[in-house]
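In: build the 3D model from these lines:
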Amino acid sequence: MKKRSLIVSAVAAGCALGVALPRQAWAAVSDEDFNALKSMVQKLGDQVQKLEQVHEQDQQVHQQDQQKIQQLQQQVGETQQIATNAVQKAEAAAQLQPVHALPPGAGATHNFQLAGDAETVFGRIQGQHSAFAQADFAPIFLYRANDNILFEAGFDFLLSNNAPTAPGTAYGFDLSFATIDYLVNDYMTFVAGNMLLPLGTYSERSAGWLNKIPDNPLPRGLLPGTGLGAQLRGAVPIGDQGQMLTYSAYGVNGPSSVDGTGNSGSLDLGGNVGVLSGATSYPRQYGYGLTGTTFSTLGNLNSNPSGGGRLGWFIPWKPHYDLEVGVSGQSGQWNNLGEQWSAVVLDAALHVSPYVEIKGEYINTWVDTADLGGIRPNGWWVQAGYKLSGLNLDFPLINNVELVGRYDRSDDGLVPGNTKTERYTAGFVYYFSNTLLFEGDYEWLHSVGPASNIFPNNEMLFQVSYGF
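Out: Residues are numbered from 1 along each chain as shown. The predicted model follows:
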(Lines give C-alpha, C1' and ligand atoms only; values in the text may rest on other atoms or scores of the structure.)
Protein backbone atom coordinates (compact mmCIF):
# COMPACT_ATOMS: atom_id res chain seq x y z
CA MET A 1 0.00 0.00 0.00
CA LYS A 2 2.82 2.41 0.81
CA LYS A 3 4.53 1.70 -2.48
CA ARG A 4 1.34 2.30 -4.43
CA SER A 5 0.77 5.64 -2.70
CA LEU A 6 4.29 6.81 -3.51
CA ILE A 7 3.88 5.95 -7.19
CA VAL A 8 0.52 7.69 -7.47
CA SER A 9 1.95 10.72 -5.69
CA ALA A 10 4.87 10.84 -8.08
CA VAL A 11 2.58 10.71 -11.12
CA ALA A 12 0.36 13.42 -9.70
CA ALA A 13 3.34 15.57 -8.86
CA GLY A 14 4.66 15.21 -12.39
CA CYS A 15 1.34 16.30 -13.90
CA ALA A 16 1.08 19.24 -11.56
CA LEU A 17 4.60 20.29 -12.36
CA GLY A 18 3.83 20.22 -16.07
CA VAL A 19 0.78 22.40 -15.57
CA ALA A 20 2.55 24.78 -13.28
CA LEU A 21 5.55 25.40 -15.54
CA PRO A 22 5.45 28.58 -17.48
CA ARG A 23 4.95 28.41 -21.21
CA GLN A 24 8.61 29.27 -21.75
CA ALA A 25 9.72 26.28 -19.80
CA TRP A 26 7.14 24.10 -21.59
CA ALA A 27 8.40 25.26 -24.89
CA ALA A 28 11.89 24.48 -23.79
CA VAL A 29 11.04 20.79 -23.40
CA SER A 30 12.02 18.84 -26.47
CA ASP A 31 9.95 16.12 -28.10
CA GLU A 32 12.51 13.58 -27.00
CA ASP A 33 12.21 14.56 -23.36
CA PHE A 34 8.43 14.62 -23.59
CA ASN A 35 8.31 11.12 -25.07
CA ALA A 36 10.67 9.85 -22.36
CA LEU A 37 8.48 11.35 -19.68
CA LYS A 38 5.40 9.90 -21.36
CA SER A 39 6.98 6.44 -21.44
CA MET A 40 7.89 6.70 -17.78
CA VAL A 41 4.33 7.70 -16.88
CA GLN A 42 2.94 4.73 -18.83
CA LYS A 43 5.31 2.34 -17.05
CA LEU A 44 4.26 3.78 -13.73
CA GLY A 45 0.64 3.24 -14.69
CA ASP A 46 1.29 -0.39 -15.57
CA GLN A 47 2.99 -0.94 -12.23
CA VAL A 48 0.09 0.68 -10.46
CA GLN A 49 -2.30 -1.67 -12.27
CA LYS A 50 -0.25 -4.72 -11.28
CA LEU A 51 -0.12 -3.57 -7.69
CA GLU A 52 -3.89 -3.20 -7.71
CA GLN A 53 -4.24 -6.79 -8.95
CA VAL A 54 -1.89 -8.04 -6.24
CA HIS A 55 -3.82 -6.04 -3.71
CA GLU A 56 -7.09 -7.65 -4.83
CA GLN A 57 -5.53 -11.13 -4.47
CA ASP A 58 -4.29 -10.21 -0.99
CA GLN A 59 -7.78 -9.13 -0.10
CA GLN A 60 -9.20 -12.49 -1.25
CA VAL A 61 -6.61 -14.44 0.76
CA HIS A 62 -7.35 -12.28 3.77
CA GLN A 63 -11.05 -12.98 3.45
CA GLN A 64 -10.37 -16.74 3.22
CA ASP A 65 -8.17 -16.55 6.30
CA GLN A 66 -10.90 -14.72 8.17
CA GLN A 67 -13.39 -17.44 7.22
CA LYS A 68 -11.05 -20.19 8.47
CA ILE A 69 -10.48 -18.31 11.72
CA GLN A 70 -14.22 -18.02 12.21
CA GLN A 71 -14.65 -21.76 11.57
CA LEU A 72 -11.91 -22.61 14.08
CA GLN A 73 -13.44 -20.27 16.65
CA GLN A 74 -16.78 -21.99 16.13
CA GLN A 75 -15.19 -25.45 16.59
CA VAL A 76 -13.42 -24.29 19.76
CA GLY A 77 -16.71 -23.01 21.07
CA GLU A 78 -18.42 -26.34 20.36
CA THR A 79 -15.57 -28.25 22.08
CA GLN A 80 -15.82 -25.99 25.13
CA GLN A 81 -19.55 -26.58 25.24
CA ILE A 82 -19.06 -30.36 25.09
CA ALA A 83 -16.50 -30.18 27.89
CA THR A 84 -18.82 -28.03 29.96
CA ASN A 85 -21.68 -30.51 29.46
CA ALA A 86 -19.40 -33.39 30.46
CA VAL A 87 -18.38 -31.62 33.66
CA GLN A 88 -22.00 -30.89 34.47
CA LYS A 89 -22.96 -34.53 33.88
CA ALA A 90 -20.09 -35.73 36.05
CA GLU A 91 -21.09 -33.37 38.85
CA ALA A 92 -24.69 -34.52 38.57
CA ALA A 93 -23.63 -38.18 38.68
CA ALA A 94 -21.47 -37.50 41.73
CA GLN A 95 -24.45 -35.98 43.51
CA LEU A 96 -26.40 -39.22 42.89
CA GLN A 97 -23.78 -41.39 44.66
CA PRO A 98 -24.86 -42.93 47.98
CA VAL A 99 -23.95 -41.12 51.15
CA HIS A 100 -21.98 -44.14 52.46
CA ALA A 101 -18.93 -44.99 50.36
CA LEU A 102 -18.91 -48.39 48.64
CA PRO A 103 -16.08 -50.87 49.40
CA PRO A 104 -13.02 -50.26 47.20
CA GLY A 105 -12.39 -52.44 44.15
CA ALA A 106 -13.75 -52.81 40.66
CA GLY A 107 -16.87 -54.80 39.89
CA ALA A 108 -16.66 -58.28 38.44
CA THR A 109 -15.78 -58.37 34.75
CA HIS A 110 -15.91 -62.18 34.32
CA ASN A 111 -13.21 -62.27 31.65
CA PHE A 112 -12.44 -65.82 30.52
CA GLN A 113 -9.65 -67.05 28.27
CA LEU A 114 -8.43 -70.45 27.10
CA ALA A 115 -4.70 -70.95 26.51
CA GLY A 116 -2.36 -73.93 26.47
CA ASP A 117 -0.58 -76.19 24.03
CA ALA A 118 -0.71 -79.54 22.23
CA GLU A 119 2.10 -81.82 21.05
CA THR A 120 2.62 -85.00 19.08
CA VAL A 121 5.96 -86.82 19.36
CA PHE A 122 7.52 -89.31 16.95
CA GLY A 123 10.69 -91.08 18.06
CA ARG A 124 13.18 -93.81 17.48
CA ILE A 125 15.52 -95.22 20.12
CA GLN A 126 18.63 -97.04 18.99
CA GLY A 127 17.90 -100.77 18.85
CA GLN A 128 14.11 -100.31 18.88
CA HIS A 129 11.36 -99.75 16.32
CA SER A 130 10.30 -96.21 15.59
CA ALA A 131 6.80 -95.10 16.61
CA PHE A 132 4.59 -92.17 17.49
CA ALA A 133 5.33 -92.06 21.20
CA GLN A 134 2.60 -89.80 22.54
CA ALA A 135 -0.01 -87.12 21.95
CA ASP A 136 -0.56 -84.46 24.59
CA PHE A 137 -3.22 -81.79 25.05
CA ALA A 138 -2.67 -79.31 27.88
CA PRO A 139 -5.34 -76.60 28.13
CA ILE A 140 -5.01 -73.70 30.58
CA PHE A 141 -8.14 -71.97 31.83
CA LEU A 142 -7.73 -68.31 32.83
CA TYR A 143 -10.52 -66.48 34.62
CA ARG A 144 -10.49 -62.87 35.80
CA ALA A 145 -13.13 -62.13 38.41
CA ASN A 146 -12.16 -58.45 38.72
CA ASP A 147 -9.08 -56.26 38.61
CA ASN A 148 -7.54 -57.94 41.65
CA ILE A 149 -8.70 -61.57 41.64
CA LEU A 150 -7.53 -64.09 39.04
CA PHE A 151 -7.86 -67.85 38.72
CA GLU A 152 -5.80 -70.19 36.55
CA ALA A 153 -5.81 -73.94 36.11
CA GLY A 154 -3.87 -76.22 33.78
CA PHE A 155 -4.75 -79.78 32.79
CA ASP A 156 -2.79 -82.45 30.95
CA PHE A 157 -4.44 -85.09 28.74
CA LEU A 158 -1.86 -87.65 27.60
CA LEU A 159 -2.08 -90.62 25.25
CA SER A 160 1.14 -92.64 25.11
CA ASN A 161 2.55 -95.88 23.77
CA ASN A 162 2.07 -98.61 26.41
CA ALA A 163 4.34 -101.29 24.89
CA PRO A 164 5.78 -103.59 26.03
CA THR A 165 4.33 -103.51 29.57
CA ALA A 166 0.66 -103.89 28.59
CA PRO A 167 -1.56 -104.09 25.51
CA GLY A 168 -3.09 -101.03 23.94
CA THR A 169 -2.18 -97.48 24.86
CA ALA A 170 -1.88 -95.61 28.16
CA TYR A 171 -4.18 -92.71 28.98
CA GLY A 172 -3.39 -90.05 31.52
CA PHE A 173 -5.24 -87.10 32.98
CA ASP A 174 -3.66 -84.72 35.45
CA LEU A 175 -4.37 -81.38 37.10
CA SER A 176 -1.02 -79.71 36.41
CA PHE A 177 -1.68 -76.63 38.51
CA ALA A 178 -4.59 -74.59 39.87
CA THR A 179 -4.23 -71.31 41.77
CA ILE A 180 -6.14 -68.28 42.98
CA ASP A 181 -4.14 -65.06 42.51
CA TYR A 182 -4.84 -61.85 44.41
CA LEU A 183 -3.05 -58.70 43.17
CA VAL A 184 -2.13 -56.91 46.39
CA ASN A 185 -0.52 -53.96 44.58
CA ASP A 186 1.72 -53.25 41.58
CA TYR A 187 4.64 -55.02 43.25
CA MET A 188 3.08 -58.01 45.01
CA THR A 189 0.72 -60.90 44.20
CA PHE A 190 -0.63 -63.49 46.65
CA VAL A 191 -1.00 -67.00 45.17
CA ALA A 192 -2.68 -70.01 46.78
CA GLY A 193 -3.32 -73.52 45.46
CA ASN A 194 -1.35 -76.10 43.51
CA MET A 195 1.48 -73.89 42.24
CA LEU A 196 4.26 -74.19 39.70
CA LEU A 197 7.29 -73.86 41.96
CA PRO A 198 9.87 -71.17 41.12
CA LEU A 199 12.82 -73.52 41.61
CA GLY A 200 14.74 -72.10 38.69
CA THR A 201 12.67 -70.82 35.77
CA TYR A 202 12.11 -73.96 33.69
CA SER A 203 8.73 -75.03 35.12
CA GLU A 204 7.19 -71.59 34.66
CA ARG A 205 8.76 -70.45 31.39
CA SER A 206 10.15 -73.34 29.33
CA ALA A 207 8.01 -76.44 29.78
CA GLY A 208 5.65 -77.74 27.10
CA TRP A 209 5.71 -76.13 23.68
CA LEU A 210 7.89 -73.29 24.97
CA ASN A 211 10.75 -75.78 25.24
CA LYS A 212 12.66 -75.86 21.96
CA ILE A 213 13.71 -79.48 22.55
CA PRO A 214 11.03 -82.21 22.84
CA ASP A 215 12.15 -83.61 26.22
CA ASN A 216 13.11 -82.07 29.57
CA PRO A 217 16.68 -81.62 30.85
CA LEU A 218 17.78 -84.62 32.92
CA PRO A 219 18.43 -82.81 36.25
CA ARG A 220 14.90 -81.36 36.30
CA GLY A 221 13.86 -84.81 37.52
CA LEU A 222 15.60 -84.02 40.82
CA LEU A 223 13.09 -81.26 41.65
CA PRO A 224 9.35 -81.12 42.33
CA GLY A 225 7.52 -79.23 39.60
CA THR A 226 4.50 -78.17 41.67
CA GLY A 227 3.53 -77.81 45.30
CA LEU A 228 0.35 -77.29 47.28
CA GLY A 229 0.54 -74.14 49.40
CA ALA A 230 0.68 -70.33 49.31
CA GLN A 231 3.10 -67.82 47.84
CA LEU A 232 3.95 -64.11 47.72
CA ARG A 233 5.65 -62.97 44.53
CA GLY A 234 6.30 -59.84 42.50
CA ALA A 235 8.90 -57.49 41.07
CA VAL A 236 10.44 -54.17 42.08
CA PRO A 237 11.97 -51.79 39.48
CA ILE A 238 15.57 -50.71 39.94
CA GLY A 239 16.45 -47.30 38.48
CA ASP A 240 14.97 -46.01 35.24
CA GLN A 241 16.76 -48.29 32.75
CA GLY A 242 14.32 -51.21 32.97
CA GLN A 243 16.15 -53.32 35.55
CA MET A 244 13.97 -55.35 37.92
CA LEU A 245 14.40 -57.38 41.07
CA THR A 246 11.96 -60.31 41.03
CA TYR A 247 11.13 -62.25 44.16
CA SER A 248 8.97 -65.09 45.47
CA ALA A 249 8.53 -66.69 48.89
CA TYR A 250 6.30 -69.70 49.50
CA GLY A 251 5.31 -72.47 51.85
CA VAL A 252 4.14 -75.86 50.50
CA ASN A 253 3.59 -79.40 51.72
CA GLY A 254 6.83 -80.35 50.02
CA PRO A 255 8.29 -83.77 49.14
CA SER A 256 7.20 -86.66 51.29
CA SER A 257 7.54 -90.40 51.78
CA VAL A 258 5.54 -92.91 49.80
CA ASP A 259 5.37 -95.37 52.70
CA GLY A 260 6.61 -93.35 55.69
CA THR A 261 9.82 -95.39 56.08
CA GLY A 262 12.29 -92.64 55.24
CA ASN A 263 14.30 -94.97 52.99
CA SER A 264 15.89 -93.50 49.87
CA GLY A 265 13.53 -95.31 47.53
CA SER A 266 10.42 -93.90 49.16
CA LEU A 267 11.08 -90.22 48.38
CA ASP A 268 8.03 -88.70 46.65
CA LEU A 269 8.80 -85.33 45.05
CA GLY A 270 5.12 -84.93 44.21
CA GLY A 271 4.18 -84.63 47.87
CA ASN A 272 2.13 -87.61 49.05
CA VAL A 273 -0.20 -85.63 51.30
CA GLY A 274 -3.80 -86.45 52.12
CA VAL A 275 -5.24 -89.63 53.54
CA LEU A 276 -3.40 -92.00 55.85
CA SER A 277 -4.62 -95.46 54.94
CA GLY A 278 -5.26 -98.13 57.57
CA ALA A 279 -6.08 -95.67 60.37
CA THR A 280 -8.49 -96.58 63.13
CA SER A 281 -12.08 -95.70 62.28
CA TYR A 282 -13.86 -93.05 64.28
CA PRO A 283 -17.28 -91.34 64.07
CA ARG A 284 -17.47 -88.06 62.25
CA GLN A 285 -20.17 -85.45 62.82
CA TYR A 286 -21.07 -83.56 59.67
CA GLY A 287 -22.13 -79.95 59.76
CA TYR A 288 -25.58 -80.66 58.44
CA GLY A 289 -26.50 -83.07 61.25
CA LEU A 290 -25.62 -86.44 59.72
CA THR A 291 -23.22 -88.83 61.38
CA GLY A 292 -20.83 -90.93 59.34
CA THR A 293 -17.86 -93.20 59.86
CA THR A 294 -14.57 -92.90 58.04
CA PHE A 295 -11.80 -95.49 57.94
CA SER A 296 -8.91 -93.09 57.39
CA THR A 297 -7.61 -89.81 58.71
CA LEU A 298 -6.29 -86.75 56.97
CA GLY A 299 -2.59 -86.46 57.47
CA ASN A 300 0.80 -85.59 56.13
CA LEU A 301 3.59 -88.10 55.57
CA ASN A 302 6.23 -85.51 56.46
CA SER A 303 6.81 -83.82 59.79
CA ASN A 304 6.67 -80.18 58.67
CA PRO A 305 5.90 -78.32 55.43
CA SER A 306 8.67 -76.89 53.26
CA GLY A 307 9.58 -73.26 52.65
CA GLY A 308 11.31 -71.78 49.64
CA GLY A 309 11.67 -68.88 47.29
CA ARG A 310 13.62 -67.22 44.50
CA LEU A 311 15.44 -63.92 43.93
CA GLY A 312 16.13 -62.83 40.36
CA TRP A 313 17.81 -59.82 38.76
CA PHE A 314 16.78 -58.80 35.23
CA ILE A 315 19.24 -56.49 33.42
CA PRO A 316 18.34 -55.13 29.96
CA TRP A 317 20.76 -52.80 28.18
CA LYS A 318 18.93 -52.35 24.86
CA PRO A 319 16.05 -54.06 23.00
CA HIS A 320 16.66 -57.82 22.61
CA TYR A 321 19.84 -57.61 24.71
CA ASP A 322 19.33 -58.69 28.32
CA LEU A 323 20.57 -60.91 31.10
CA GLU A 324 18.70 -62.50 33.99
CA VAL A 325 20.29 -64.37 36.88
CA GLY A 326 18.52 -65.98 39.82
CA VAL A 327 19.00 -68.12 42.89
CA SER A 328 16.24 -70.25 44.39
CA GLY A 329 15.86 -72.94 47.00
CA GLN A 330 13.54 -75.02 49.14
CA SER A 331 13.96 -76.98 52.39
CA GLY A 332 11.80 -79.03 54.73
CA GLN A 333 11.27 -82.41 56.36
CA TRP A 334 10.07 -85.15 54.03
CA ASN A 335 9.06 -87.99 56.37
CA ASN A 336 7.80 -88.69 59.87
CA LEU A 337 11.35 -89.40 61.04
CA GLY A 338 12.38 -85.77 60.60
CA GLU A 339 14.73 -86.38 57.65
CA GLN A 340 15.45 -83.22 55.63
CA TRP A 341 15.13 -82.56 51.90
CA SER A 342 16.72 -79.40 50.50
CA ALA A 343 17.55 -77.95 47.09
CA VAL A 344 19.42 -74.96 45.66
CA VAL A 345 19.10 -73.86 42.02
CA LEU A 346 21.15 -71.27 40.15
CA ASP A 347 19.66 -70.11 36.83
CA ALA A 348 20.69 -67.69 34.09
CA ALA A 349 19.33 -66.58 30.71
CA LEU A 350 21.07 -64.38 28.13
CA HIS A 351 19.69 -62.81 24.95
CA VAL A 352 22.13 -61.27 22.45
CA SER A 353 20.13 -59.75 19.58
CA PRO A 354 16.78 -61.24 18.50
CA TYR A 355 18.63 -64.31 17.18
CA VAL A 356 20.79 -65.69 20.03
CA GLU A 357 19.55 -67.19 23.31
CA ILE A 358 21.56 -69.04 25.99
CA LYS A 359 20.10 -70.36 29.24
CA GLY A 360 20.78 -72.99 31.85
CA GLU A 361 20.52 -74.14 35.46
CA TYR A 362 22.69 -75.72 38.13
CA ILE A 363 20.76 -77.95 40.58
CA ASN A 364 22.00 -79.38 43.86
CA THR A 365 19.85 -81.31 46.35
CA TRP A 366 20.38 -82.87 49.78
CA VAL A 367 18.34 -85.85 51.02
CA ASP A 368 18.73 -87.38 54.49
CA THR A 369 17.60 -91.03 54.46
CA ALA A 370 17.14 -93.78 57.03
CA ASP A 371 18.94 -96.47 55.01
CA LEU A 372 21.77 -94.68 53.16
CA GLY A 373 22.33 -91.58 55.26
CA GLY A 374 22.83 -88.32 53.38
CA ILE A 375 22.82 -88.41 49.57
CA ARG A 376 23.48 -85.49 47.21
CA PRO A 377 21.73 -85.75 43.82
CA ASN A 378 22.84 -82.93 41.51
CA GLY A 379 23.14 -81.89 37.89
CA TRP A 380 23.21 -79.03 35.45
CA TRP A 381 22.18 -78.15 31.92
CA VAL A 382 22.84 -75.44 29.37
CA GLN A 383 20.92 -74.81 26.14
CA ALA A 384 21.58 -72.44 23.22
CA GLY A 385 19.66 -71.41 20.12
CA TYR A 386 20.46 -69.39 17.01
CA LYS A 387 17.81 -68.20 14.52
CA LEU A 388 19.10 -68.32 10.95
CA SER A 389 17.15 -65.17 10.10
CA GLY A 390 20.14 -63.38 11.63
CA LEU A 391 22.13 -64.29 8.49
CA ASN A 392 19.89 -61.93 6.43
CA LEU A 393 19.56 -64.44 3.60
CA ASP A 394 16.80 -64.09 1.03
CA PHE A 395 15.52 -67.62 1.65
CA PRO A 396 12.22 -67.78 3.62
CA LEU A 397 12.63 -71.48 4.43
CA ILE A 398 16.06 -70.86 5.95
CA ASN A 399 14.90 -67.78 7.85
CA ASN A 400 12.21 -69.85 9.61
CA VAL A 401 14.79 -72.24 11.13
CA GLU A 402 16.41 -72.03 14.55
CA LEU A 403 19.35 -74.29 15.40
CA VAL A 404 19.40 -75.56 19.00
CA GLY A 405 21.78 -77.52 21.15
CA ARG A 406 21.84 -78.70 24.76
CA TYR A 407 24.15 -80.40 27.21
CA ASP A 408 22.69 -81.89 30.40
CA ARG A 409 24.20 -83.99 33.16
CA SER A 410 22.71 -85.73 36.19
CA ASP A 411 24.21 -87.57 39.18
CA ASP A 412 21.95 -89.55 41.54
CA GLY A 413 24.34 -88.84 44.43
CA LEU A 414 24.45 -92.39 45.83
CA VAL A 415 27.83 -93.07 47.45
CA PRO A 416 29.20 -95.58 46.82
CA GLY A 417 27.78 -96.70 43.52
CA ASN A 418 26.39 -93.47 42.12
CA THR A 419 25.08 -93.34 38.56
CA LYS A 420 26.19 -90.47 36.33
CA THR A 421 24.42 -89.67 33.08
CA GLU A 422 25.30 -87.08 30.46
CA ARG A 423 23.59 -86.25 27.19
CA TYR A 424 24.41 -84.18 24.11
CA THR A 425 21.53 -82.92 21.97
CA ALA A 426 21.59 -81.20 18.56
CA GLY A 427 18.48 -80.20 16.68
CA PHE A 428 16.37 -77.57 15.00
CA VAL A 429 13.04 -75.75 15.22
CA TYR A 430 11.07 -74.81 12.10
CA TYR A 431 8.57 -72.03 12.72
CA PHE A 432 5.44 -72.31 10.60
CA SER A 433 4.28 -69.40 12.77
CA ASN A 434 5.11 -67.99 16.18
CA THR A 435 2.98 -70.70 17.80
CA LEU A 436 3.14 -73.66 15.37
CA LEU A 437 6.52 -75.39 15.62
CA PHE A 438 8.15 -78.47 14.13
CA GLU A 439 11.07 -79.68 16.25
CA GLY A 440 13.62 -82.36 15.59
CA ASP A 441 16.77 -83.48 17.39
CA TYR A 442 19.24 -86.30 17.88
CA GLU A 443 20.47 -87.19 21.37
CA TRP A 444 23.73 -88.93 22.32
CA LEU A 445 23.38 -90.39 25.83
CA HIS A 446 26.09 -91.91 28.01
CA SER A 447 25.49 -93.35 31.48
CA VAL A 448 27.72 -95.19 33.95
CA GLY A 449 26.83 -96.77 37.26
CA PRO A 450 24.49 -99.40 38.72
CA ALA A 451 21.34 -97.73 37.36
CA SER A 452 22.70 -96.91 33.91
CA ASN A 453 20.50 -99.57 32.28
CA ILE A 454 17.34 -97.57 32.98
CA PHE A 455 18.44 -94.84 30.57
CA PRO A 456 17.76 -95.33 26.85
CA ASN A 457 20.38 -95.43 24.15
CA ASN A 458 20.87 -92.72 21.57
CA GLU A 459 17.55 -91.55 20.21
CA MET A 460 15.98 -89.34 17.56
CA LEU A 461 12.84 -87.30 18.30
CA PHE A 462 10.45 -85.22 16.21
CA GLN A 463 7.64 -83.13 17.64
CA VAL A 464 4.86 -80.95 16.28
CA SER A 465 3.68 -78.48 18.89
CA TYR A 466 1.12 -75.71 18.92
CA GLY A 467 0.59 -73.06 21.54
CA PHE A 468 -2.63 -71.12 21.82
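In: rest of the way, CA atoms for contacts and neighbours
Out: Will do.
In: how is this protein partitioned into domains?
Out: 2-95, 184-273+302-467 (automatic domain parsing).
In: by mean pLDDT, show me the worst of those domains.
Out: Between the domains of the chain, the one with the least mean pLDDT is domain 2-95; it has a mean of 63.
In: how about stretch 235-242: buried residues?
Out: Across stretch 235-242, burial judged by 16 or more other Cα atoms under 10 Å covers residue 235.
In: just the terminal-to-terminal distance for that stretch.
Out: 12 Å (Cα to Cα, to the nearest Å).
In: off-centre distance for it?
Out: 17 Å (Cα atoms, centre = their mean, to the nearest Å).
In: so residue 312, which of the three states?
Out: strand (DSSP: H, G, I helix; E, B strand; the rest coil).
In: any idea what it is bridged to?
Out: residue 246, residue 326 (DSSP bridges).
In: residue boundaries of the strands in the stretch 151-300 of the chain?
Out: 169-185, 188-196, 226-238, 243-252, 256-257, 267-268, 273-276, 282-285, 291-294, 297-300 (DSSP state E, counting those that start in this stretch).
In: deepest-packed of the domains of the chain, please.
Out: domain 184-273+302-467 (a mean of 19; mean count of other Cα atoms under 10 Å).
In: now residue 194: closest residue in space, sequence neighbours ignored.
Out: residue 228 (4.3 Å; Cα to Cα, 6 or more residues apart in numbering).
In: mind checking which residue lies nearest the centre of the chain?
Out: With distances taken as Cα atoms, centre = their mean, residue 205 lies nearest the centre of the chain, 9.1 Å away.
In: returning to that earlier point: closest one to residue 150 among the domains of the chain?
Out: Closest approach to residue 150 among the domains of the chain is made by domain 184-273+302-467 (9.4 Å; Cα to Cα).
In: just the terminal-to-terminal distance for the closest one.
Out: 30 Å.
In: starting at the chain centroid, how far to it?
Out: Taking mean C-alpha positions (Cα atoms, centre = their mean), domain 184-273+302-467 and its chain are 18 Å apart.
In: what do you get for stretch 33-47?
Out: On Cα atoms, centre = their mean, the centre of stretch 33-47 falls 84 Å from the chain's centre.
In: confirm residue 44 sits in a helix?
Out: Yes. Checked against three-state DSSP, residue 44 lies within a helix.
In: do you know how far it is from residue 170?
Out: Residue 44 is 108 Å from residue 170, by Cα to Cα.
In: and for residue 362?
Out: 33 Å.
In: same deal with residue 195?
Out: 26 Å.
In: and residue 390, which of the three is it?
Out: Residue 390 ends up helix, using three-state DSSP.
In: what's the answer for residue 405, then?
Out: Residue 405 - assigned by three-state DSSP - is strand.
In: what bridges to it?
Out: residue 384, residue 426.
In: you'd agree it is up against residue 384?
Out: Yes. Assessed by Cα atoms under 8 Å, residue 405 is found in contact with residue 384 at 5.5 Å.
In: coming back round to it: residue 433: which of the strands of the stretch 151-300 of the chain is closest?
Out: In terms of Cα to Cα, the element of those nearest to residue 433 is strand 169-185, at 26.3 Å.
In: now do the closest one: which elements does it pack against?
Out: Other elements packing on strand 169-185 under the criterion 3 or more Cα pairs under 8 Å, 6 or more residues apart in numbering; DSSP states H and E are strand 149-161, strand 188-196.
In: in its sheet, what does it sit against?
Out: Short version: by DSSP bridges, strand 169-185 pairs with strand 149-161 (antiparallel), strand 188-196 (antiparallel).
In: tell me what angle that strand forms with strand 226-238.
Out: If you take axes from the mean of the first three to the mean of the last three Cα atoms, to 10 degrees, strand 169-185 sits at 40 degrees to strand 226-238.
In: identify the residues contacting strand 169-185?
Out: 147-163, 189-196, 226 (Cα atoms under 8 Å, 6 or more residues apart in numbering).
In: what comes up buried for it?
Out: 176-183.
In: if we can go back for a sec, could you dump the helices and strands packed on strand 169-185 to CSV with distance to residue 70?
Out: Shown next, in CSV, are these (distance: least, Cα to Cα, whole Å):
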stretch, distance to residue 70
strand 149-161, 53
strand 188-196, 55
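In: figure out which of the ones you listed is closest to residue 143.
Out: strand 149-161 (5.1 Å).
In: where do the strands sit along the stretch 351-468 of the chain?
Out: 356-369, 373-375, 378-387, 401-411, 420-431, 436-448, 459-467.
In: relative to residue 143, which of the ones you listed is closest?
Out: Nearest of those (Cα to Cα): strand 459-467, 18.4 Å.
In: just the element for residue 53, please.
Out: Assigned by DSSP states H and E, residue 53 belongs to helix 31-95.
In: mind giving me the packing neighbours of that helix?
Out: Packed next to helix 31-95, using 3+ Cα pairs under 8 Å, 6+ apart, are helix 2-20.
In: my guess is residue 353 meets residue 320, correct?
Out: Yes. If you go by Cα under 8 Å, residue 353 and residue 320 touch, sitting 5.0 Å apart.
In: gap between residue 366 and residue 343?
Out: Counting by Cα to Cα, the gap from residue 366 to residue 343 is 6 Å.
In: show me which of the buried residues of strand 169-185 is closest to residue 35.
Out: When those are compared for distance to residue 35 (Cα to Cα), residue 183 comes out closest, at 98.3 Å.
In: which parts of stretch 128-136 are buried?
Out: Neighbour counts over stretch 128-136 (16+ other Cα under 10 Å) mark 133-136 as buried.
In: widest-spaced pair of those residues?
Out: Maximum distance among these (Cα to Cα): 10.2 Å, for 133 and 136.
In: name the residues contacting each of those two.
Out: Counting by Cα under 8 Å, 6+ apart, the contacts common to residue 133 and residue 136 are residue 120.
In: which residues are in contact with residue 208?
Out: Taking Cα under 8 Å, 6+ apart, one finds residue 117 in contact with residue 208.
In: cool, and residue 136?
Out: Residues in contact with residue 136 (Cα under 8 Å, 6+ apart) are 118-120, 156-159.
In: repeat the analysis, applying 6 Å as the threshold.
Out: By Cα atoms under 6 Å, 6 or more residues apart in numbering, the contact list for residue 136 reads 118-119, 157-158.
In: what residues are bridge-paired with it?
Out: Legend: beta-bridge partners of residue 136 under DSSP bridges are residue 119, residue 158.
In: how close does it sit to residue 129?
Out: 21 Å.
In: got it, and residue 53?
Out: For residue 53, the distance to residue 129 - Cα to Cα - is 98 Å.
In: kindly report the same for residue 439.
Out: Using Cα to Cα, we find residue 439 at a distance of 20 Å from residue 129.
In: how about residue 417?
Out: Where residue 129 is concerned, residue 417 sits at a distance of 32 Å (Cα to Cα).
In: again, but for residue 314
Out: 45 Å.
In: one more: residue 191?
Out: Taken as Cα to Cα, the span from residue 191 to residue 129 is 45 Å.
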